[in-house]
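1. only the shape, not the letters, is given here:
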């Protein structure tokens, strides 16, 4: 299963980066191959200063070795070894009318001292973070997510949409990071779903990503914007950074397992602001966004 999924994410990385370069029309991804001293490595691809994407990364990795003590405590195991692979992407467009997007699809195995698999699961999802809210874009993104889920179980969309809203919540700000999407984790074999079934579901969601995001980019990338709107985008990016550094489990796992710091922090935008006690105009598009972020909304 691990070889099969790693092959999949290698091919998906190629597909996504090729499509994004075509949409940008100016910048191309720079590739960086790296090794992890404890075992494994990855292939980082970063795009910067493009016509559309100010910064973005589409990374794959496959790492293995002894599970660090901090993570052993987290999982409640002792002397365990692990294998983890996945694709993680974050795209920060230049135009504030185009939303930031994040996606991740991953597979994890844990082994005993004899090398037998004692646990394994899939996880992943994709979520949208707009700076100016176009409701038709939100509906499109969520519709594609629901369509992918419905092919496997008609309860998955509602379940994983709710988990996404719960997970990407900036508790210290009492607001969502964005307008959500899907978030699923610890998807293990059970009476209803084998690991093969979970593989099919996870790859279905992965394959739907470009359809969920690129039409939005194409529709918004040439819209005019003001310096004030750009400032708002950078202030909201600050909230994105806060979530990733304070709450995100993926960032924590990477840091705790001696992951490659440049790849872990590639999710951070290049230009960001923290403005003291920032206030917005009543009845403005900015206020409309914040109102939606205070309480998760049903989009489809």
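-> Ah, there it is. For clarity, every value in this text was computed on a predicted model and none was experimentally measured.
2. skip the chain neighbours and tell me the closest residue to residue 206.
-> residue 105 (4.6 Å; C-beta to C-beta, 6 or more residues apart in numbering). Glycine gets a C-beta too; all of them are placed from N, C-alpha and C.
3. for residue 124, see how far away that neighbour is.
-> For residue 105, the distance to residue 124 (C-beta to C-beta, to the nearest Å) stands at 4 Å.
4. out of these two, which sits in the busier spot?
-> Between residue 105 and residue 124, counted using other C-beta atoms under 10 Å, residue 105 has the larger neighbour count: 26 against 23.
5. downstream neighbour of the helix ranked longest in the chain in the secondary structure list?
-> As assigned by DSSP state H, the longest helix anywhere in the chain is helix 2-24. Sequence order places strand 30-35 as the next helix or strand after helix 2-24, per DSSP states H and E.
6. hmm, who's touching that next one?
-> Strand 30-35 is contacted from outside by 41-48, 260, 262-263, using C-beta atoms under 8 Å, 6 or more residues apart in numbering.
7. just the buried ones from these?
-> By neighbour count, with 16 or more other C-beta atoms under 10 Å, the contacts of strand 30-35 hold 42-47, 260, 263 as buried.
8. what bridges to the residue nearest to residue 206?
-> Judged by DSSP bridges, the bridge partners of residue 105 are residue 87, residue 124.
9. my read is that it contacts residue 85, right?
-> No. Taking C-beta atoms under 8 Å as the definition, residue 105 is not a contact partner of residue 85, at 9.7 Å.
10. so what's residue 151 closest to, chain neighbours aside?
-> residue 204 (5.9 Å).
11. before we move on, back to that, please enumerate the shared neighbours of residue 105 and residue 124.
-> In contact with both residue 105 and residue 124: 86, 202, 205-206, using C-beta under 8 Å, 6+ apart.
12. I'd like the mean pLDDT over the helix or strand where the residue nearest to residue 151 lies, please.
-> If you go by DSSP H and E, residue 204 is part of helix 195-207. Averaged across helix 195-207, the pLDDT comes to 98.
13. in it, what's buried?
-> Neighbour-count burial for helix 195-207 [16+ other C-beta under 10 Å]: 195, 197-199, 201-203, 205-206.
14. in TSV, list those along with distance to residue 131.
-> Listed next are these as TSV, based on distance: C-beta to C-beta, whole Å:
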residue	distance to residue 131
195	39
197	37
198	34
199	35
201	31
202	29
203	30
205	25
206	25
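15. could you pull out the strands for the protein?
-> Ranges of strands within the chain are 30-35, 40-48, 53-66, 81-93, 100-111, 117-129, 169-170, 175-176, 180-187, based on DSSP state E.
16. thank you kindly, that will do.
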